[in-house]
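Student: I would like to see how this sequence folds:
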Amino acid sequence: MLAGQRRLRLYVTIGQRLLRDSLLFQILLHDDVELVGESETGVDTLNRLHTTRPGVLLIEENLQDNDGLTIAEHALTLNPALSVLLISDTPVSTGRMAIYLEAGIKAVVSKHQPIQELIKTLFYIRGGQVYVGNWQHKPAAGALGAFEALSGREREVAQLMARRTPVRDIAGQLGVSCKTVHSYKDRIFVKMGFERLPELILFMQRHQHGAAE
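Tutor: Numbers count the residues shown, from 1 in each chain. You can find the predicted model right below:
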């Protein structure tokens, strides 16, 4: 560790214990990394950030209780100096990357990238720098692939929107604010390449019809 440089205080939020352990076994080989906390869920992460005071949050895109982007946004509201590294299951299109960067996320890496690349990114963003890897600039998938790449909560919102459920009712069912629902709507449209609600409604009807066959 360089003289005068503080240790990297890391918090890890990954739902699968096996994946979390496999990453931590290798990350913690570096003496200048200190694990200050770990969670399976987004809610637990938000509850513990104040007491653990991490400098870097490593968070999975799809969590069992929420999506990593929403949790990251809340975490950055609590601590604007936090550097967030998001782990994604799928390549990230330019549109999705723009959403992540606008939310304050510093980097997105693939779950399948070599561990050394992930560790390199952790240290790069610790000072607040943004890291954009080449793997993120692949063309966006078709609508079906894009839908499958949505987080569980985003798919839930998309299905409710396709049923023409009012925003206020969606917010009530999910226990979130109307502003949050509008944020989900914007992300869904960007990720799927849609501009209007009828496009989403048509896609969902075709998708459900195809799934039933």
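Student: what ranges does the chain have for its strands?
Tutor: Using DSSP state E, the strands assigned to the chain run over residues 8-13, 33-39, 56-60, 83-88, 107-110.
Student: show me the shaky parts of the protein.
Tutor: In the prediction, the chain carries residues with pLDDT under 70 at positions 1-5, 133-143, 209-213.
Student: what's the domain layout of it?
Tutor: Partitioning the chain according to automatic domain parsing yields domains covering residues 8-137, 143-212.
Student: follow-up on the earlier one: closest one to G95 among the strands of the chain?
Tutor: Among the strands of the chain, strand 107-110 comes nearest to G95, with 12.7 Å by C-beta to C-beta. To be clear about C-beta, it is placed using only N, CA and C from the backbone, and glycine gets the same treatment.
Student: tell me which other helices or strands the closest one touches.
Tutor: With contacts taken as 3 or more C-beta pairs under 8 Å, 6 or more residues apart in numbering; DSSP states H and E, strand 107-110 sits against strand 83-88, helix 115-125.
Student: what's next to that strand, contact-wise?
Tutor: Outside of strand 107-110, the residues that reach it under the criterion C-beta atoms under 8 Å, 6 or more residues apart in numbering are 84-89, 91-92, 97, 100, 117-118, 121, 124-125, 130-133, 135-136.
Student: buried ones in stretch 18-31?
Tutor: Judged by neighbour count (16 or more other C-beta atoms under 10 Å), stretch 18-31 contains these buried residues: 20, 23-24, 27.
Student: quick one: distance of that stretch to the chain centre.
Tutor: Here the centre of mass of C-alpha atoms in stretch 18-31, compared against the chain's by C-alpha atoms, centre = their mean, to the nearest Å, lies 20 Å away.
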